[in-house]
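> no FASTA, just this:
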Ligand SMILES: Cc1cc2nc3c(=O)[nH]c(=O)nc-3n(C[C@H](O)[C@H](O)[C@H](O)COP(=O)(O)OP(=O)(O)OC[C@H]3O[C@@H](n4cnc5c(N)ncnc54)[C@H](O)[C@@H]3O)c2cc1C
Ligand SMILES: Cc1cc2nc3c(=O)[nH]c(=O)nc-3n(C[C@H](O)[C@H](O)[C@H](O)COP(=O)(O)OP(=O)(O)OC[C@H]3O[C@@H](n4cnc5c(N)ncnc54)[C@H](O)[C@@H]3O)c2cc1C
C-alpha cells in the first residue's frame, strides 16, 4: 500500500505548475478567453513541445512518458488551479484513452499528433434529449459502401471550435436507448456536412452545437466494434469523470485558499472577518471537502482497472461526493466574500463558475448516486 | 501509488485473521455490534488473550512491550480487530497513560506501571474533566497541595469513563493557583482505592453506566506518583492529545455497521418490498457509504501518503469529525430501519449494574439496542475534544487563522 507519488509524477506536477504560474495568471486568462479565438494556442503548443505534458499519460512505445490515469489526474488538478481552458480532457484523456484502448492503426496514426500538440479532439457525445445517458442517441451512422453517413445533433461539445478531430457517438443499430447498436467514430472535424454553431460557455471555455448533415465518413473512422462500443465509451467516460474530479480538486483548493486569504485581509467590526468563528468553522468545512475530494479522486484513479461494476461504483462515488463538495465550497466561497464575491472582478467568482459546471459534467450527484445504488444496493 | 498490500502484509493479515478466528472467545461474539453493554470481564478476557500473544500494545516501543510493526501492519491489525467485531480495547491504559509514562515517567514508574497495564492487571481511568472544566480543560480546579512527600488532593472530576472498575486513575490537578491556567497543572497517578475517593454513577441516555463522577476528599498521593515535573502536567496532556490514534476514524467498524444496516433493511418490509428498496432510505444509505469511502481514503492517505510517519498531523481532527459523524448517522439509520421496534426498552439479562429484568427482548434481536445505541452515540461528537473544538484546531493549526 502506497499513496505517495513517484519522482516523475512530482516532476510533472512541479514543471506544470511552474509553467502555469508564469503563463496563466488570472488577467492573462481573462484576456485570451475574451479574444476571438477564446484561447492562446501558444500555450497548447508549449504544453506539448516544451513540457512534453501531452505525452505524460501515453506509453513509451507510443512516444509518451509511460504514465496513465494518475498522471492525467495530476495534470488536470494543476489545470484546474488556473482555470485552464486548454482541451486536455477531450484530447488526451478521452480521445487518447479511446485510442489506447482500441490500439491498432488508428492509434498509431493519431497519438503522435496528439502528443506533439497538432491534434485537438472534441468529444461529441451528449444530445439534447439524452441528459447523462450515454446510450440515449438519435445521431445515426448508416452503412454506406465502405463508410458511413452520419446524421444528427450533438449538444454543448466543449472545445469543438478548436478541434481538428471529433470523437462521435452514434447509432449503427438498435432503438434510441438500447445498449446495443452504439458505435464510436473518430473523424476529421472539417468534413463536408458538419455544421457548427459556436459559443462561449459560462465557465470561460468555448463549445458548439454540432449538426451532422449526412456527413460521409470513412469506414476506418470506426473505433472498436460496430454497434458494440458502449462498454468502451463507458470506460473512457469513467476515466474522464475521474479526471474531472481531479480538476475539481484543484478548483476547490483555489476557492478555499482564496477565501482564507480574503477573510484575513477584509476587516469589518474592526477586525479581519477571519476572526469570526462562524466563518472559521465554515472554512474548516470547506477544507474538509477539499481533502475528501482529493481522497476520492485518488480512490477513483486506483479503482479504474477493477472489474466493470466495481469501477463504475467507485467512479460514481467519487463524482457524487465531489459534485456536492464543489457546490458546497463554491457557494460558501462566494458567501464568505460578501458582495465582492458576486462580481466578475475577482478570480473567485470564475472558480465558482467552473466548479458549478463541473457539478454536472458527466453526471450530477443525483445521477451518480442512482448509478451507485443500482450497482451496490440491490434489494 | 497503489492500494494493494505487499505479500508480506497479506501474510500478516492472514496471521492476524487466523489468530482472531481461533482465539476470540465465543461468548463475546456479536456483543460489540449489537451495542451490548460489556462487563469488566468481557473487556479483560480479550485483552488478556492479546497480551499473551504479545499483541496488546502494537503502538508501544518494542522495549516497553510493543510489537515493532510497521504503520501498515498496525493498520491491518486494527482493521482485522474491527472487522471481526472484537471487543474494543479500552484506551485509558494502553493508549493514554502508558505512552505518557514511557515518555515522561521515571524508571521506577515505568517498571511499576507499564507491565501491569500490558497484562490488564490494572484498569485505568482518566480524570481530566470537571463540572466547570470541559472543553476548556485548563480551567480545572481540583487542587493538590504538597504535604511532605505527599500531595493532598481535593476536588471533583466528572464523565470519568469506567471509573467504577478502575484500579488506578491518571488525574490532572492544579498545583499552582497563581500561575497561568496551563502552567499550574500536574499529572498524578492515583490509586482508586485511596481513602477519600468516592465514585458515583452517571446513567447515560441509553440506560448505560459508562461514566461517573469522582469525588476526591483529602486524598493522599505519594509524590513519586507524579509524572514529569510539578506544574508541567499540561505537557503530558498535550502529548496525549497529539499521540497517534490509529483507527480514530473508526472506518473498519463503520464498514461493518453499514453491512449491518443493509442486512436489517433487506429484512424489514416497507409495503410489499424490503426497506432497502425505498428510494429515500436507499439514498441515505448510499450517501453514508460514499462518505465512509471518502473517510477511508483520507485515512489511507494520512497513513501511507507523502506525510506518513511524520506523526499525527492535524488531519486527525478531520478523521475525528468525519468518523464520529458517520458513526452517528449509522445508528440513526439503524434506528430508522427497525421501525416500531425501536421503542421497547430492554434492560438486559441482569448483566448490567442497574439490574436487568430477565425478560426476553421484544421484537427482532437487531432492534432492541437500536435506540439506546443511537442515544449513546451522541457522545462521539462531544468527547475526545468536541467536533467544534476539532474545527477550532484545524482553523488554527492547518488554516493558520
Ligand atoms: C447585488 C447587491 C446589491 C446591493 N445593493 C446595495 C444598495 O443598493 N445599496 C447599498 O447601500 N448596498 C447594497 N449592497 C451591499 C450589501 O448591503 C452588502 O454587500 C452587505 O451589507 C455585506 O457587506 P459586504 O459585501 O461588504 O460583506 P462583508 O461585510 O465584508 O462580509 C463578508 C462576509 O463576512 C461575513 N461577516 C461579516 N461580519 C460578520 C460577523 N460579525 N460575524 C460573522 N460573519 C460576518 C458576512 O456575512 C459575509 O459572509 C448590495 C449588495 C449586493 C450583493
Ligand atoms: C461518554 C463520555 C465519556 C467521557 N469520558 C471521559 C473520561 O473518561 N475522562 C474525562 O476526563 N472526560 C471524559 N469525558 C468528558 C469530555 O471530554 C467532555 O465532555 C468534553 O471535553 C466536552 O466538555 P463538556 O461536556 O463540559 O462540554 P462544554 O465544554 O461545556 O461544551 C458544550 C458545547 O459547547 C461547545 N464549545 C465549547 N467550547 C467551544 C469553543 N471554544 N468554540 C465553539 N464551541 C465550543 C462544545 O463543542 C459543546 O458543543 C467524557 C464525555 C462523554 C460524553
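Alright, I've got the coordinates. Quick caveat: nothing in here was measured; it's all calculated off a predicted structure. Ligands and ions are numbered 1, 2, ... in the order given.

> Show me how far the lengthiest helix in chain A is from its chain's centre.
Determined from DSSP state H, the single longest helix within chain A is helix A:230-265. Remark: helix A:230-265 is offset 9 Å from the chain centroid, using Cα atoms, centre = their mean, to the nearest Å.

> what does stretch A:276-291 give?
On Cα atoms, centre = their mean, the centre of stretch A:276-291 falls 27 Å from that of its chain.

> what pLDDT, on average, does it get?
In this model, stretch A:276-291 has a mean pLDDT of 98.

> likewise stretch B:100-112?
97.

> and the following helix or strand past the longest helix of chain A, which strands flank it?
Following helix A:230-265 in sequence order, the next helix or strand is strand A:267-268 (DSSP states H and E). Here strand A:267-268 is paired, per DSSP bridges, with strand A:271-272 (antiparallel).

> Other residues contacting the strand it pairs with?
Strand A:271-272 is contacted by residues A:263-266 when judged by Cβ atoms under 8 Å, 6 or more residues apart in numbering or on different chains. Where you see a C-beta, it was placed from the backbone N, CA and C, and this is true even at glycine.

> and those, which are buried?
Neighbour-count burial within those applies to residue A:263; the criterion is 16 or more other Cβ atoms under 10 Å in any protein chain shown.

> so which of the contacts of strand A:271-272 would you say is closest to ligand 1?
Taking Cβ to the nearest ligand atom as the measure, residue A:266 is the one of the contacts of strand A:271-272 closest to ligand 1, at 5.1 Å.

> circling back: out of the contacts of strand A:271-272, which are close to ligand 2?
When contact is defined as Cβ under 6 Å from any ligand atom, the contacts of strand A:271-272 do not meet ligand 2 at all.

> Take the contacts of strand A:271-272 and write them to CSV, including distance to ligand 1 and pLDDT.
Formatted as CSV, these follow (distance: Cβ to the nearest ligand atom, whole Å; pLDDT from 0 to 100):
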residue, distance to ligand 1, pLDDT
A:263, 7, 98
A:264, 12, 98
A:265, 10, 98
A:266, 5, 98
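
> Could you dump the contacts of strand A:271-272 into TSV and include distance to residue A:145?
Listed next are the contacts of strand A:271-272 as TSV, based on distance: Cβ to Cβ, whole Å:
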residue	distance to residue A:145
A:263	65
A:264	68
A:265	67
A:266	67
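
> what residue ranges in the stretch 101-250 of chain B score low on pLDDT?
B:242-247 (pLDDT under 70).

> secondary structure element for the residue of it found nearest ligand 1?
In the stretch 101-250 of chain B, the residue that lies nearest ligand 1 is residue B:135 (20.8 Å; Cβ to the nearest ligand atom). Using DSSP H and E, residue B:135 sits in no helix or strand.

> quick one: it and residue B:391 touch, right?
No: with contact defined as Cβ atoms under 8 Å, residue B:135 does not reach residue B:391; the gap is 11.8 Å.

> Comparing the two, which residue is more hemmed in?
When residue B:135 is set against residue B:391 and neighbours are counted by other Cβ atoms under 10 Å in any protein chain shown, the residue ahead is residue B:391, at 23 against 12.

> Show me what secondary structure element comes after the helix or strand hosting residue A:12.
Counting by DSSP H and E, the element that carries residue A:12 is helix A:7-23. Next helix or strand after helix A:7-23 toward the C-terminus (DSSP H and E): helix A:26-33.

> Now do that next one against helix A:7-23: the angle between them, please.
Relative orientation of helix A:26-33 versus helix A:7-23 (axes from the mean of the first three to the mean of the last three Cα atoms, to 10 degrees): 80 degrees.

> tell me which element the closest residue to chain B within the stretch 51-200 of chain A falls in.
Among all residues of the stretch 51-200 of chain A, residue A:70 sits closest to chain B, at 6.0 Å; criterion: Cβ to the nearest Cβ. Using DSSP H and E, residue A:70 sits in helix A:69-81.

> can you state the direction angle for that helix and helix A:7-23?
Helix A:69-81 and helix A:7-23 are oriented at 20 degrees to each other (the same axes, to 10 degrees).

> And the contacts of the helix holding residue A:12?
Residues outside helix A:7-23 that contact it (Cβ under 8 Å, 6+ apart) are A:5, A:43, A:46-47, A:50-51, A:53, A:56, A:65, A:67, A:70-71, A:74-75, A:78-79, A:81-82, A:84.

> Among those, the buried ones, what's the PyMOL command?
A single PyMOL command suffices to select whichever of the contacts of helix A:7-23 are buried according to 16+ other Cβ under 10 Å:
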select buried, chain A and resi 5+43+47+51+53+56+65+67+70+71+74+75+78+79+81+82+84
